[in-house]
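Q: compute the structure for the input listed below.
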Amino acid sequence: MKYYEILGLNKNATSDDIKKAYRKMAMQYHPDRNPGNKSAEEKFKEMSEAYAVLSDPEKKRQYDLLGDTRFSQQQGAGFHEDIFKNFDFDSIFREMGFSGFGGFTSGGKFGGFGGFGGKADEQQRGGARRGGFRSQPEDSSRYDIEHELEIGFMEAYNGSERQVNLSLGGGDVISTRIKVPAGIDTGKKLRVRGHGRIMPNGNKGDLYLNVKVMSHPEFIRKDNDIEVGVKVPFSLLCLGGLLDVPTPEGVKQIKIRPGMQNGVKMRLKSLGFPVMGSSERGDLYAILAVKVPIQEEIKESDIELFEKLKNSGF
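A: Numbers count the residues shown, from 1 in each chain. The predicted structure is shown next:
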């Protein structure tokens, strides 16, 4: 077999030239791009054999010295088995975005690559060895895109749909509509399938949006719970009564018992964030803080009242 001719090279070709020529032809004849095409399959087998020989310094030296016919004769009956032994095509194909050797199983010049052996066979999933190139899921992670997505506190609480427009540079823009699930938190990722970079085989990687939930001027998130500080008049803490509490669902009222202390946490059940993947919710905790009036708010009559309370030990 005329290996240089198959790859479109001459004997002066460097190892770089050989690799570039093989990559170029693999892009054209790889089985992922030619499903069911027997002619392309044969061509792919021939060029793979040529590359396996010419990319190996020792095999290339023997081939250059002996020529086509004598080289094949000298290799003997086990030639096509040994030629690919310990040769890893997978890394080459993965770099080009293909899923491996392509899944040949029967027919063809080398019995469907049944004698290729080496890494191609040994790395079959589950450890099974079978004829042909191994087929594995395409590694598209190199073509994924990650981007930070800032989400408002209430948007994370309620969930939403929003438009995402990302500029990748060079005029490339990603524009898609996404669903933001209720209860999402900082550190979570939203995956948008098929919106990554284009792979050589025409498929696309995925877009991953790294979520950052913005803070709120009143509410503090603690996992799926919410805390909110509420100012309480001193008289209400002493005498008891109803207190308005702000929540994401609007103002709710809670009952203050007489003598309740400053700093107490009052629980409002199921008014926290939704728990993603379930029907449960967190809780809201109102943290009571005694309201101390500023000087401008104190009237003359208030001073007299405070003096009486002071003299009573309050």
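Q: domains in the protein, by residue range?
A: Domains of the chain are assigned by automatic domain parsing as 3-127, 141-213, 219-311.
Q: so how far is I174 from the closest residue to R177 other than its chain neighbours?
A: Of all residues beyond its chain neighbours, the one nearest R177 is Q163 (5.4 Å), with distances taken as CB to CB, 6 or more residues apart in numbering. For every residue, glycine as well, the C-beta is placed using N, CA and C. From Q163 across to I174, the span is 11 Å (CB to CB, to the nearest Å).
Q: those two - which one has more neighbours?
A: I174 (16 against 8; other CB atoms under 10 Å).
Q: any weak-confidence spans in this structure?
A: 70, 73-140, 314 (pLDDT under 70).
Q: mind listing the strands for it?
A: 145-151, 160-169, 172-180, 189-192, 207-213, 219-222, 225-233, 241-247, 250-256, 265-268, 284-291 (DSSP state E).
Q: any chance of JSON lines for those, columns distance to F44?
A: Compiled in JSON lines, the strands of the chain are given as follows (distance: least, CB to CB, whole Å):
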{"stretch": "strand 145-151", "distance to F44": "31"}
{"stretch": "strand 160-169", "distance to F44": "33"}
{"stretch": "strand 172-180", "distance to F44": "31"}
{"stretch": "strand 189-192", "distance to F44": "33"}
{"stretch": "strand 207-213", "distance to F44": "32"}
{"stretch": "strand 219-222", "distance to F44": "56"}
{"stretch": "strand 225-233", "distance to F44": "59"}
{"stretch": "strand 241-247", "distance to F44": "65"}
{"stretch": "strand 250-256", "distance to F44": "67"}
{"stretch": "strand 265-268", "distance to F44": "67"}
{"stretch": "strand 284-291", "distance to F44": "64"}
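Q: and these: which comes nearest K299?
A: Among those, the nearest to K299 by CB to CB is strand 225-233 (14.7 Å).
Q: direction included, what does the closest one pair up with?
A: strand 219-222 (antiparallel), strand 284-291 (parallel) (DSSP bridges).
Q: what does that strand rub up against?
A: Residues from elsewhere that reach strand 225-233 (CB atoms under 8 Å, 6 or more residues apart in numbering): 218-220, 243, 245-248, 256, 262, 265, 271-273, 282-291.
Q: out of the strands paired with strand 225-233, which is closest to H195?
A: strand 219-222 (28.7 Å).
Q: measure the residue nearest the centre of the chain to I145 for me?
A: The centre of the chain sits closest to Y208, judged by CA atoms, centre = their mean, with a distance of 5.0 Å. According to CB to CB, Y208 stands 7 Å off from I145.
Q: how about stretch 289-297 as CSV, C-alpha atoms only?
A: The C-alpha coordinates for stretch 289-297 follow below in CSV (Å, rounded to 0.1, in the frame of the first residue of the first chain):
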residue,chain,number,x,y,z
ALA,A,289,-35.9,44.5,67.5
VAL,A,290,-37.2,47.2,69.9
LYS,A,291,-37.8,50.5,68.3
VAL,A,292,-36.1,53.4,70.0
PRO,A,293,-37.5,56.7,69.0
ILE,A,294,-35.1,59.4,67.8
GLN,A,295,-35.0,62.7,69.7
GLU,A,296,-37.0,64.6,67.0
GLU,A,297,-39.9,62.1,67.5
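Q: how far does that stretch sit from its chain's centre?
A: Mean-position distance between stretch 289-297 and its chain equals 51 Å (CA atoms, centre = their mean, to the nearest Å).
Q: run through who's touching it.
A: G229, V230, K231, V232, P233, F234, L237, N262, G263, D302.
Q: show me which of those residues is closest to K188.
A: G229 (26.8 Å).
Q: how many neighbours does the closest one have?
A: Look at G229: counted by other CB under 10 Å, it has 14 neighbours.
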